[in-house]
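Undergrad: Pasting the sequence and the predicted model now:
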Amino acid sequence: MSIILYDIPSSLARKAWTYNVWKARFSLNYKGIPYTTHWIEFPDIEPTFKKLGVPPSSTQPDGSPYYTVPTIYDPSTGVYVSDSILIADYLDKTYPDKPLLFPSGTFGIQSAFNDGFFYHIKAVVPAMIPTILSNLHDVSSTYMVNKHGSLPPKPTFEDYWHSFKQGLDQIDTWYARNGDKGTFLFGDSPSWADIVVASVLVYVKIVFGEASREWREVESWNNGRWKELSGYFSAYETVI
């Protein structure tokens with residue numbers, strides 16, 4: 001039986017969009033583990049997961065449980081797992097015969113990379129909110145507007161986009177420290193850290209469009225590093 005991956009649909013051609021779920025999808029595709037996607041709208045996540053007994057991903061500021069995607073259900077073990085990095089760790093431990101996302105002894109450093117990466121590129125989220133909202137189904141876009149507002153606060157898109165570029169400039173220096181001995185953070189071998197980056201790249205590519213000015217800019221940044229990394233992971237962009 002296939003693993004079930006929960007994701008939020010959109011009206012975009014490939015339906016899948018959110019970078020957090022792409023981390024789980026890339027992990028499943030890269031490891032070659034059979035799965036199917038179960039589409040769930042934003043306001044249905046919490047009641048559905050509570051009914052199924054899915055553990056919350058974290059807690060909200062008021063201390064109440066917070067339910068979100070990605071979440072997987074593995075019928076072979078009867079286990080639900082939420083949070084993309086915990087999903088990747090689960091897949092490595094449960095299916096160790098498949099390519100490993102966390103080579104021995106690297107879980108801690110890759111976890112730190114995950115946190116540092118999103119700290120530096122977090123401006124991409126408000127930069128993309130208006131475009132994302134226009135491509136969600138009405139029930140999910142209404143939910144998001146009611147919860148977060150329809151537009152990011154000032155500064156402008158250009159300011160957010162510039163901050164995103166500066167963040168990728170910083171990540172580029174981290175990659176360069178391997179002596180440019182390969183496409184990936186660890187050189188010639190892809191790992192979870194590269195999936196983290198590739199998930200934001202595919203997020204930009206899908207939401208803005210592959211022919212968009214924004215995606216063409218990203219491909220040109222840092223001497224084409226992100227174009228090369230995205231190109232490698234394009235083989236694992238299948239949405240099942």
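TA: Structure's in. What do you need?
Undergrad: Please enumerate residues in contact with the helix or strand bottoming out on mean pLDDT in the chain?
TA: Lowest on mean pLDDT, DSSP states H and E among the helices and strands of the chain sits strand 58-59, with a mean of 85. Identification of contacts with strand 58-59 by C-beta atoms under 8 Å, 6 or more residues apart in numbering yields 65-66, 83. In this view, the C-beta of every residue, glycine as well, is placed from N, C-alpha and C.
Undergrad: For the chain, list the residue farthest from the centre, please.
TA: Within the chain, the residue lying farthest from the chain centre (C-alpha atoms, centre = their mean) is G179, at 26.6 Å.
Undergrad: for that residue, what are its contacts?
TA: Residues near G179 by C-beta under 8 Å, 6+ apart: none.
Undergrad: Repeat that for G116.
TA: Contacts for G116 were tallied using C-beta under 8 Å, 6+ apart; there are none.
Undergrad: Now do the strands in this structure.
TA: 3-7, 35-39, 58-59, 65-66, 71-74, 79-82 (DSSP state E).
Undergrad: and the third one, how far out from the chain's middle?
TA: When you say that, I think you mean strand 58-59. In terms of C-alpha atoms, centre = their mean, to the nearest Å, the centre of strand 58-59 is found 18 Å from the chain centre.
Undergrad: Parallel or antiparallel, list what pairs with that strand.
TA: Under the criterion DSSP bridges, strand 58-59 sits next to strand 65-66 (antiparallel) in its sheet.
Undergrad: List of residues touching the partner strand?
TA: Contact with strand 65-66 is made by 56-60, as judged by C-beta under 8 Å, 6+ apart.
Undergrad: Which one of those residues sits in the busiest neighbourhood?
TA: S57 (20 neighbours; other C-beta atoms under 10 Å).
Undergrad: ok, so what distance separates that residue from F107?
TA: 19 Å (C-beta to C-beta, to the nearest Å).
Undergrad: pLDDT wise, what is Q170 at?
TA: Q170 is assigned a pLDDT of 98 by the prediction.
Undergrad: Also the one 4 residues further on?
TA: At W174 the predicted local confidence, pLDDT, stands at 95.
Undergrad: what sits against it?
TA: W174 makes contact with 113, 185, according to C-beta under 8 Å, 6+ apart.
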